[in-house]
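>>> Structure, please.
(chains A and B)
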Amino acid sequence: MRPCRCLSAALGWGRPRGPPVPAQRQERAGGHRGAGGSAHAVLGPAGGAGLSQGPVSVEVLRHLERLALVDFRDREGVERLRGAVLFAQLLRQVNTEGVEPMDSVLEDRSLYLREDDVTEGNCTKELLNNAREKVEEYFVAPPGNIPLPKLEEQETFLQGYQ
Amino acid sequence: MAAAALGCGAGWRRAWRRGLGGTLPAPVPIAALVPVTVPVPARRPPRVVARNAGGGAVPAGKSGLAPWVPVVGLEIHAQISSNSKLFSGSQVQFAAPPNSLVSFFDASLPGTLPVLNRRCVEAAVMTGLALNCSINKKSLFDRKHYFYADLPAGYQITQQRVPIAVNGSLSYSLCIDNKMSQMVTKTVRIKQIQLEQDSGKSLHDDSRSQTLVDLNRAGVGLMEVVMEPDMCCGEEAAAAVRELQLILQTLGSSQAIMAEGQLRVDANVSVHHPGEPYGVRTEVKNINSIRFLAKAIDYEIQRQIEELENGGTILNETRAFDSKLGCTVPMRDKEGMQDYRFMPEPNLPPLILYDTKSLPANVNHQQVVNIDWIHERLPDLPSAKRAKLVELYGILPEHSFTLVNEDGLTEFFENVVKQTQMKPKKVIGWILNDLLSYLKQHSCTVKESPISSVLLADLLNLLEKKEISASAAKQVFEELWKGEGKTPLEIVKEKQLQLLEDQEELEQICQAVIDEHEKEVMAIKAGNQKVVNKLIGLVQRATQGRSNPVLVKQILEKKLSE
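Okay, the predicted model is just below:
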């Protein structure tokens, strides 16, 4: 069984061991120094080291909560996450020496190419039916990007979590 | 590259010093970037230019005191010119009723899947070939995750790992001085070209604390062209973008009109001392024209130099360009560095492209994109067009640049040349000096010109046949510009601008001028030949520009030698 990269990426793992593949982290427009760059799915030492050594670190949990806007809610939620990660780590026992990681289970299919014709659209009313709030055929959303409150201000379970 | 960079650096020091009065200096023309010795103003301590033993200023870049090397990289998003969107069949159109060009997939309703548009793939391959890239026969799609109201899915489908084209180059030219008489060619490396989705449009309504979202643009195909940081100032970046714009428009892969958002440019700017590692970069967004691009970059370089010279630091942030104030300001929306959690797009298999060698037999041609087929059908790129113009018509390279740069001007020029006996080298003067300056003064495009190529050709024929003088021709041109429907010949007759053909009348006028200007005559006889021109001018005035200067000179010289 070949470890699927999707799964490991979604869980924020380090890359499964195997031959080097084109680096996921690519510095935009080369050469420049940016504090973090366009970071990639791999969480690096914080993720990998913490996970393989035991509990998922608070750093990682906080990071995930901000990125994915999920709420681990309580100790049970975090435990479930840990359990899932530990279970998936079993995949690392598979020897992947010399095996190219799989990008997609669809890799042996050819990508269908559509002709450049206009075949959809013009369903404004139907789309807006789904919206709770609308203004003159525009969807309504909260203003800009509201900055997330800092950890101290949150009512999150993660405060004081070991 | 290092020398050019140093040249730029030297210029940047000087620009900073010119701003001592507290006002922001104008962008420095490249002429100022050539290292020359410059005396240091007395009221400032000579921090920047060291003095050698003899007390003279050391040429820029040689001393121990540090010049600054600005580094500019560009990320350009070009909207693909296609009928439908990248992954759905909704229409691509500028300015339509809100949310009318949106399919269920674009609104990211559950259960919808992306279906790749073939035309977008061809556009990206064309662009990659025109920019000398290697086309990846296998490229992959990824998801880039971030939350924003105009990105309904919460991720953008892009090509971050293995894009469709990599490792290309773009050559562009700049004028060394402001007079357009010396051009230098530079190259910027293209890191990659990738296909990606555009996001929708947000209209911020701060008064009601809400954002209105229009998804018409969501899902439109974009080509992102990533350029390496090989440029050093606003002028270089502007020239590179202009050339890219011309290439895209020639290929037809994008209409690349910045004002309509079909070409968006973000600049990455940093400064460092030569020999030291690159400095912290900032990203500058919200640049709406090529002119503003140069201004924004130059301002940001200036700002970073001043900040660092005053002991501050540069934050790795995103800044917006305010065109009214001419400066960059931190953008309120961006919250530190984003982690985009790139992952492969699970709904799309790899994109496979073929060439004639790898083309499988018995294949459905509609399902196959053949790189060689596209390569054979590439149109003449701007650089090739310019070279042809120079070769065919014997005009200067600088002229070919102006011709190709102005929409429709090349056609106009060629039409005039076809219909007139005047040599192209002379015609080009009328096109660039007269027609173009009138067009610019009245903010007209070539298509809107009141003078057609036929009319101009007629006028130039009259001039060539020596029926009118050059100055008379200019008068006729001015009259033609009014667009009253008269032909050049009619105007000449109406204003009596024909060249005087009566030799006797001409001799009489010449004699009169000689008689009235004894002083000048004596000067000529004493040996000062230049004064003859003054007499010729006087004769011209007396004949209201209707005399042939060559003939007049002959007559005058004959009379004066008697």
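
>>> What is the least confident helix or strand in the chain?
Because you didn't say which chain, this covers chain A. helix A:44-53 (a mean of 38; mean pLDDT, DSSP states H and E).

>>> Let me rephrase: I mean chain B.
helix B:2-18 (a mean of 39).

>>> Now do the contacts for the nearest residue to residue B:525 once chain neighbours are set aside.
For residue B:525, ignoring the flanking residues on the chain, the nearest one in space by CB to CB, 6 or more residues apart in numbering or on different chains is residue B:560 at 6.8 Å. For the C-beta atoms, the positions are set from N, CA and C on the backbone; glycine is no exception. Residue B:560 makes contact with B:514, B:521, B:524-525, B:532, according to CB atoms under 8 Å, 6 or more residues apart in numbering or on different chains.

>>> What about those residues, which are in strands?
Of the contacts of residue B:560, none are assigned to strands by DSSP state E.

>>> could you flag which of the residues you listed are buried?
Neighbour-count burial (16 or more other CB atoms under 10 Å in any protein chain shown) is assigned, among these, to B:514, B:521, B:524, B:532.

>>> and the closest residue to the third one other than its chain neighbours, how many neighbours does it have?
Spelled out, that is residue B:524. Distances taken as CB to CB, 6+ apart place residue B:531 nearest to residue B:524, at 5.1 Å, with adjacent residues excluded. Residues within reach of residue B:531, counting by other CB atoms under 10 Å in any protein chain shown, total 18.

>>> which residues touch residue A:140?
A:131, A:133-134, B:210-213 are the contacts of residue A:140 under CB under 8 Å, 6+ apart.

>>> For these, which single residue is the most surrounded?
Counting by other CB under 10 Å, top hit in the contacts of residue A:140: residue B:213 with 25 neighbours.

>>> Look at that one and give its secondary structure.
strand (DSSP: H, G, I helix; E, B strand; the rest coil).

>>> Following the chain past the least confident helix or strand of chain A, name the next helix or strand.
helix A:58-68 (DSSP states H and E).

>>> in chain B, which helix has the most residues?
Counting by DSSP state H, the longest helix found in chain B is helix B:290-309.

>>> Could you identify the helix or strand that succeeds the least confident helix or strand of chain B?
Downstream of helix B:2-18, the first helix or strand assigned by DSSP H and E is strand B:69-79.

>>> angle of that next one against helix B:290-309?
150 degrees (axes from the mean of the first three to the mean of the last three CA atoms, to 10 degrees).

>>> Could you check how far strand B:69-79 is from the centre of its chain?
Here the centre of strand B:69-79 is set off from its chain's centre by 14 Å, with CA atoms, centre = their mean, to the nearest Å.

>>> what about whichever helix or strand comes after it, near chain A?
Toward the C-terminal end, the helix or strand that comes next after strand B:69-79 (DSSP H and E) is strand B:116-117. Yes - for strand B:116-117, a contact with chain A is found by CB under 8 Å from any CB of the partner chain, at B:116-117.

>>> What pairs with strand B:116-117, parallel or antiparallel?
strand A:113-114 (parallel) (DSSP bridges).

>>> residues making contact with the strand it pairs with?
B:84, B:89, B:115-118, B:121, B:366-367, B:369.

>>> and the stretch 51-200 of chain B, which residues reach chain A?
B:71, B:73-75, B:82-84, B:88-91, B:97-105, B:107, B:109, B:115-121, B:140, B:145, B:147-149, B:160-162, B:191.

>>> 6 Å instead, please
Within the stretch 51-200 of chain B, the positions near chain A by CB under 6 Å from any CB of the partner chain are B:73, B:82-84, B:88-91, B:98-101, B:103, B:107, B:115-119, B:140, B:149, B:161.

>>> Pull up the gap between the residue nearest to residue B:524 and chain A, please.
To chain A, residue B:531 is 63 Å away according to CB to the nearest CB, to the nearest Å.

>>> contacting residues around that residue?
B:520, B:523-524 (CB atoms under 6 Å, 6 or more residues apart in numbering or on different chains).

>>> Residue B:116 versus residue B:89, what's the distance?
Relative to residue B:116, residue B:89 is positioned 12 Å away (CB to CB, to the nearest Å).

>>> repeat for residue A:110
11 Å.

>>> If you count surrounding residues, which of those two has more?
In this view residue A:110 and residue B:116 are compared by other CB under 10 Å, and residue B:116 has more residues nearby, 20 against 14.

>>> got a pLDDT number for that one?
Listed pLDDT for residue B:116 reads 97.

>>> Apart from its neighbours in sequence, what residue is nearest residue B:97?
Residue B:97 sits nearest to residue A:137 (CB to CB, 6+ apart), 6.6 Å away.

>>> quick one: the one you found and residue B:98 touch, right?
Yes - assessed by CB atoms under 6 Å, residue A:137 is found in contact with residue B:98 at 4.6 Å.

>>> quick one: which of these two has more around it?
Neighbour tally, residue A:137 and residue B:98, criterion other CB under 10 Å: the higher count belongs to residue B:98, 22 against 16.

>>> quick one: contacts for that one?
Residue B:98 neighbours (CB under 6 Å, 6+ apart): A:137-138, B:214.

>>> Relative to residue B:456, how far out is it?
For residue B:98 relative to residue B:456 (CB to CB), the value is 46 Å.

>>> Ok, residue B:127 next?
Distance from residue B:127 to residue B:456, by CB to CB: 36 Å.

>>> Just the buried residues of stretch B:145-161, please?
By 16+ other CB under 10 Å, the buried positions in stretch B:145-161 come out as B:145, B:148-153, B:155-161.

>>> Ok, stretch B:83-100 next?
In stretch B:83-100, counting by 16+ other CB under 10 Å, buried: B:83-92, B:96, B:98-100.

>>> Now tabulate those in JSON lines and tack on pLDDT and distance to residue B:284.
Formatted as JSON lines, the buried residues of stretch B:83-100 follow (pLDDT from 0 to 100; distance: CB to CB, whole Å):
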{"residue": "B:83", "pLDDT": "97", "distance to residue B:284": "33"}
{"residue": "B:84", "pLDDT": "97", "distance to residue B:284": "32"}
{"residue": "B:85", "pLDDT": "97", "distance to residue B:284": "28"}
{"residue": "B:86", "pLDDT": "97", "distance to residue B:284": "27"}
{"residue": "B:87", "pLDDT": "97", "distance to residue B:284": "30"}
{"residue": "B:88", "pLDDT": "96", "distance to residue B:284": "32"}
{"residue": "B:89", "pLDDT": "96", "distance to residue B:284": "36"}
{"residue": "B:90", "pLDDT": "97", "distance to residue B:284": "32"}
{"residue": "B:91", "pLDDT": "97", "distance to residue B:284": "32"}
{"residue": "B:92", "pLDDT": "96", "distance to residue B:284": "27"}
{"residue": "B:96", "pLDDT": "94", "distance to residue B:284": "30"}
{"residue": "B:98", "pLDDT": "95", "distance to residue B:284": "29"}
{"residue": "B:99", "pLDDT": "96", "distance to residue B:284": "31"}
{"residue": "B:100", "pLDDT": "96", "distance to residue B:284": "33"}
